[in-house]
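Student: next input, structure requested:
(one chain, ligands or ions: 1)
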Amino acid sequence: MLRFRLFEAPFIQSFKPHTFLIRAQMGSYSTTSSSAQNSPKLVFRQLFEKESSTYTYLLADASHPQKPALLIDPVDKTADRDLALVKELGLKLIYAINTHVHADHVTGSGLIKTKFPGVRSIISKASNAKADIFVEPGDKIYFGDIFLEVRATPGHTLGCVTYVTGDGPNQPQPRMAFTGDALLIRGCGRTDFQGGSSDKLYDSVHSQIFKLPKDTLLYPAHDYKGFTVSTVGEEMLYNPRLSKDKETFKNIMQNLNLSYPKMMDVAVPANMVCGLQETKSEAC
Ligand SMILES: [Fe+2]
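Tutor: Numbering: from 1, shown residues only. Predicted coordinates:
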């Protein structure tokens, strides 16, 4: 049975309970698709914001006539840079997506929407933040013929999700997982605020990320040491926290003694409303 939500119509449909297919507004995507003759071609750029050491990811389907694109974890300070790149590459930005409510930078989603009004913001329903579209585990976010599936990976925050490229012959190989702060390269996000839980984070990573094929490429929301990408196999072996047993992991997380993030009191309230506090509901 089809199920629509007010904010999703007309391009989001559910094909089975709890599974939403989010389709690009433009073009003529069909479930049989032109992929058999014309495989989707992924455009991929990893972008960096140096003050918060945040990675923003630009993905697009270059084989689709309108080259629909999305940005994962855009930052307000680098939104203009990202939008200029979107223009230069001839892409049509349709989504600004967050992996979670960030505490160390203000999201660029709201700002991007004021500059590109056709863009829709996406965040998990579990985050309780404002956005145009709320996703849940199992949802699929299409841009052209390529999609991201949504996996719940709470633990750093309650509403953290990981976006994973689809499984199938017409999807990027190896698969790619955008892990937010759930799993960092040789590390992980802290678990001592925003509904964090080391117990939950351990389960999230082991059940939702480490079960992916070992060659799955891992792209985190941050890196502080200069790493850009890892793989599931590599982190299972060498992540100094998550390669350990659960009790050891919990012990490590309990004894990090981290300082209060300096941007927290600004970033969290702003990110709850898409990055534009002053305009509140209109922003998202
Ligand atoms: Fe975070």
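
Student: near the ion, which residues of the stretch 1-150 of the chain?
Tutor: Of all the residues in the stretch 1-150 of the chain, those in contact range of the ion (Cβ under 5 Å from the ion) are residue 102. Glycine gets a C-beta too; all of them are placed from N, C-alpha and C.

Student: one more time with 8 Å
Tutor: 99, 100, 101, 102, 103, 104 (Cβ under 8 Å from the ion).

Student: what sits against the residue of the stretch 101-250 of the chain found nearest the ion?
Tutor: Here the residue of the stretch 101-250 of the chain nearest the ion is residue 181; by Cβ to the ion that distance is 3.8 Å. By Cβ atoms under 8 Å, 6 or more residues apart in numbering, the contact set of residue 181 is 99, 100, 102, 156, 157, 160, 188, 189, 190, 220, 221, 222.

Student: residue 238 too?
Tutor: Residue 238 neighbours (Cβ under 8 Å, 6+ apart): residue 186.

Student: turn the contacts of residue 181 into TSV, including pLDDT.
Tutor: What follows is the contacts of residue 181, written out as TSV (pLDDT from 0 to 100):
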residue	pLDDT
99	98
100	97
102	95
156	97
157	97
160	98
188	98
189	97
190	97
220	98
221	98
222	98
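
Student: how about the residues you listed in a markdown table, adding secondary structure?
Tutor: Converted to a markdown table, the contacts of residue 181 look like this (DSSP: H, G, I helix; E, B strand; the rest coil):
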| residue | secondary structure |
| --- | --- |
| 99 | coil |
| 100 | coil |
| 102 | coil |
| 156 | coil |
| 157 | coil |
| 160 | coil |
| 188 | coil |
| 189 | coil |
| 190 | coil |
| 220 | strand |
| 221 | coil |
| 222 | strand |
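
Student: would TSV of those residues with distance to residue 41 and neighbour count be doable?
Tutor: Compiled in TSV, the contacts of residue 181 are given as follows (distance: Cβ to Cβ, whole Å; neighbours: other Cβ atoms under 10 Å):
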residue	distance to residue 41	neighbour count
99	24	27
100	29	28
102	30	28
156	33	32
157	34	30
160	30	31
188	32	27
189	32	27
190	37	18
220	25	28
221	25	28
222	28	20
